[in-house]
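# quick one, structure for this:
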Amino acid sequence: MQIFYDKEKSMELMERIQNKFGDENRYKRGTDIHVSDLSYCLMKTYCRLNGIERKQTKANIGTMVFGIIAETILAWTYPKDVLQYKSHMPMTSEEEDVFGHIDIFEQFKYPLEVKASRKQVFMASQVPVQWIEQLMSYMAMEGCNIGWIVIFNIFSTQIIAFKLVLSQQDIMDWLVILSVRRIQIMKAIKEKNPNEVPIRADEYGLCDYRFKCPRGEECYRKSREIAEQKSKDKEEKKKPTRYDPFAEKREQNFNPNLYGTSGNKGDPNKRMDENLRKLKEAGKQLTEG
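Residues are numbered from 1 along each chain as shown. Next comes the predicted model:
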């Protein structure tokens, strides 16, 4: 009898998982923009749409596997019609819409975003901002004020839920931010200019495109600066800066007349305007009710 570690078989199985649940899903997406494309560094989306090579690590694939398992197990406890609920945000044309699939849309009122994590996440401040923004997007697109991020810890096997509450104004503001990010991607692809989109250097270490990304070196330098600043803040016992999802809207000084408010035929967000109007009406009814 013999039993030994089979490296080749291990790699084969990992590649099968990556191809089925990673690359295949991205290829099926084509040029469509998914909520996840706007929740992480926009350069990842730029790289995907330009066919730039990506390289996943064993750790990333492992986390993806546990995420699928966690979502599947929780899904068994819900009706089928609330699972992988299709959602979208209208833009100028259907080809430019933002699409998404809500993991679980409980009672068709409350989006649940299911994640798996290797890290211990016990406080709201420890929840990755990308997960928060992903849930916020689904809540805003469906006009929901309440949603949950459900985290399965891989090592402790604990399940922890974080409740997210948005006001009607939060929903409006986030729809504007989503539409602006979508426009930035459209412009960068059209002009073949990666500098048209902002980068998130804090994602560099886990980025699948970091070795081939057109702005990889710049991102690496900024990620080192962020790490050094965090280390310095820790030594000086400074409190970490609190995450503000709407800082992007204030810092960019967005002009609301450019994003779906004019109703002109040439407005890049004409269809978005109708969506915002409906959400405002829904908010008014909730307030008056």
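# C-alpha from now on. contacts and neighbour counts both.
OK.
# mind listing what's buried in stretch 38-54?
38-49, 54 (16 or more other CA atoms under 10 Å).
# mind putting those into a markdown table with distance to I61 and pLDDT?
Putting the buried residues of stretch 38-54 into a markdown table (distance: CA to CA, whole Å; pLDDT from 0 to 100) gives the following:
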| residue | distance to I61 | pLDDT |
| --- | --- | --- |
| L38 | 21 | 93 |
| S39 | 19 | 93 |
| Y40 | 17 | 93 |
| C41 | 19 | 93 |
| L42 | 21 | 94 |
| M43 | 20 | 94 |
| K44 | 17 | 93 |
| T45 | 19 | 92 |
| Y46 | 22 | 94 |
| C47 | 19 | 93 |
| R48 | 18 | 90 |
| L49 | 21 | 90 |
| R54 | 13 | 81 |
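# host element of L13?
helix 7-17 (DSSP states H and E).
# name the SS class of I52, please.
coil (DSSP: H, G, I helix; E, B strand; the rest coil).
# look up how far P214 lies from it.
9 Å (CA to CA, to the nearest Å).
# ends of stretch 83-96, what's the gap?
Note: stretch 83-96 ends 24 Å apart using CA to CA.
# so which of the buried residues of stretch 38-54 are in helices?
L42, M43, K44, T45, Y46, C47, R48, L49 (DSSP state H).
# quick one, what contacts the residue sitting nearest the centre point of the chain?
Nearest to the geometric centre of the chain sits S39, at 2.7 Å (CA atoms, centre = their mean). Remark: with contacts taken as CA atoms under 8 Å, 6 or more residues apart in numbering, S39 is in contact with Q130, W131, E133, Q134.
# next one: I102
L83, Q84, Y85, K86, S87, P111, L112, E113, Y138.
# try F162
So F162 contacts A124, W148, I149, V150 (CA under 8 Å, 6+ apart).
# wait, which of the residues you listed is closest to Q229?
A124 (22.0 Å; CA to CA).
# for stretch 41-54, list the C-alpha coordinates in CSV.
Provided in CSV are the C-alpha atoms of stretch 41-54 (Å, rounded to 0.1, in the frame of the first residue of the first chain):
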residue,chain,number,x,y,z
CYS,A,41,-10.3,48.5,-7.8
LEU,A,42,-11.6,49.7,-11.2
MET,A,43,-8.3,48.7,-12.7
LYS,A,44,-9.3,45.1,-12.3
THR,A,45,-12.3,45.7,-14.5
TYR,A,46,-10.1,47.6,-17.0
CYS,A,47,-7.7,44.6,-17.1
ARG,A,48,-10.6,42.1,-17.5
LEU,A,49,-12.2,44.0,-20.4
ASN,A,50,-8.8,44.3,-22.1
GLY,A,51,-8.1,40.6,-21.8
ILE,A,52,-5.0,41.1,-19.5
GLU,A,53,-3.7,37.9,-18.0
ARG,A,54,-4.6,37.3,-14.4
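# give me the element H88 is part of.
Assigned by DSSP H and E, H88 falls in strand 83-89.
# elements contacting that strand?
strand 98-106, helix 129-142 (3 or more CA pairs under 8 Å, 6 or more residues apart in numbering; DSSP states H and E).
# measure A140 to K238 for me?
With CA to CA as the criterion, A140 and K238 are 33 Å apart.
# between those two, who's got more neighbours?
Neighbour comparison, A140 and K238: the larger count goes to A140, with 24 against 10 (by other CA atoms under 10 Å).
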